[in-house]
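*Asks:* Kindly generate the corresponding structure for this input.
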Amino acid sequence: MDSARVLHWTEEALDQRNVVALLHERMAEETLEGALVVDATAGNGHDTEFLARAVGASGEVLAIDLQASAVEATRRRLAGDPDLARRVRVIEGDHATLADLTPTSWAGRVSLVVFNLGYLPGGSRAVTTRAGSSRAAAAAALELLAPDGLLCMALYTGHPGGAEEAATLRAWSAEQASPRVRVHHIRDAGDGAAGRPEVLLIRRRAASNPQEDPPTIQHFEHEVPASDPDQGVAE
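*Replies:* Okay, the predicted model is just below:
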């Protein structure tokens, strides 16, 4: 890709926040009231709960996880608030089959899809998301997005297979970049950054101004500490 279309710079404003807080901050910037959203890796339900609150009473959330224990944990988290629970459909399934798990009527109408990859916090580190399945899931998610919809991905590189998964998704995102698809890559710029989390934000843009030729990939460098160098954060 033409290097003139790739920007590199460093920001310091988020240097004390972990990667999940960064994801939630970016998701909170979206207008999600009444929206259709997908949590493709529900985990313990923290992101699902956040999204259920964000979409309001007229929105809908689809929460997916491969592990039955994660599905149950997410349902328990929502059970204390019936209003939230009514907004969410929680299903057990592989995010690689996202296209099959999502209602056909949602195609091209989803405002936000979030992936918090790696392993289930508090669960077995032997059960992780993988490069191939996550790439397939990301491709399906991009097709679900409405114009101006956003795909958020937290990538964890410190566990076996994590670095390969992150590299695969970075390469895939670069292939998608165009005037209609904007890619933001956020990584830790601090010392000892190897093995730290990264974030990909991919937006399917509405019809662009033909007079504009904006950068299609932006690389942000933050210090993004987590309590665990890999995934010691809530999902």
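
*Asks:* On the C-terminal side of the helix or strand containing residue 166, identify the next helix or strand.
*Replies:* Using DSSP states H and E, the element containing residue 166 is helix 162-176. Counting by DSSP H and E, the next helix or strand C-terminal to helix 162-176 is strand 181-188.

*Asks:* can you list the residues that contact the longest strand seen in the chain?
*Replies:* Using DSSP state E, we find that the single longest strand of the chain is strand 145-155. Defining contact as Cβ atoms under 8 Å, 6 or more residues apart in numbering, one finds that strand 145-155 is touched by 19-20, 23, 26-27, 30, 108-118, 138, 141-142, 162, 165-166, 169-170, 197-207. Yep, even glycine has a C-beta here, placed from its N, CA and C like the rest.

*Asks:* Go again with 6 Å.
*Replies:* Here strand 145-155 makes contact (Cβ atoms under 6 Å, 6 or more residues apart in numbering) with 19, 23, 30, 108-117, 141, 166, 198-204, 206.

*Asks:* Keep only those of these that are in helices.
*Replies:* Assigned to helices by DSSP state H, the following of these qualify: 19, 23, 141, 166.

*Asks:* circling back to that earlier point, select from the contacts of strand 145-155 every entry located in strands.
*Replies:* 110-116, 198-204.

*Asks:* hang on, the earlier thing: I'd like the distance from the longest strand of the chain to the chain centre, please.
*Replies:* Here strand 145-155 is found 7 Å from its chain centre; the criterion is Cα atoms, centre = their mean, to the nearest Å.

*Asks:* Which positions within that strand qualify as buried?
*Replies:* By neighbour count with 16 or more other Cβ atoms under 10 Å, strand 145-155 contains the buried residues 145, 146, 149, 150, 151, 152, 153, 154, 155.

*Asks:* Relative to residue 86, how far out is residue 58?
*Replies:* According to Cβ to Cβ, to the nearest Å, residue 58 stands 11 Å off from residue 86.

*Asks:* Neighbour count: the two, which is higher?
*Replies:* Taking other Cβ atoms under 10 Å, residue 58 and residue 86 do not tie; residue 86 has more neighbours (12 against 9).

*Asks:* that older thread, farthest-apart pair in the ones in helices among the contacts of strand 145-155, please.
*Replies:* 19 and 141 (18.5 Å; Cβ to Cβ).

*Asks:* pLDDT wise, what is residue 218 at?
*Replies:* Residue 218 carries a pLDDT value of 58.

*Asks:* Leaving out chain neighbours, which residue sits closest to residue 103?
*Replies:* The shortest distance from residue 103 to any non-neighbouring residue, by Cβ to Cβ, 6 or more residues apart in numbering, is to residue 62 (7.7 Å).

*Asks:* State the helix or strand in which the one you found lies.
*Replies:* Residue-wise, residue 62 maps onto strand 60-65 under DSSP H and E.

*Asks:* Likewise for residue 138?
*Replies:* In the assignment (DSSP H and E), residue 138 maps to helix 131-144.

*Asks:* ok, back up a step: average pLDDT for whatever helix or strand comes next after the strand holding residue 62, rounded please.
*Replies:* Using DSSP H and E, the helix or strand that follows strand 60-65 towards the C-terminus is helix 68-79. Mean pLDDT, helix 68-79: 96.

*Asks:* helices or strands up against helix 68-79?
*Replies:* Contacts defined by 3 or more Cβ pairs under 6 Å, 6 or more residues apart in numbering; DSSP states H and E place helix 68-79 against strand 88-92.
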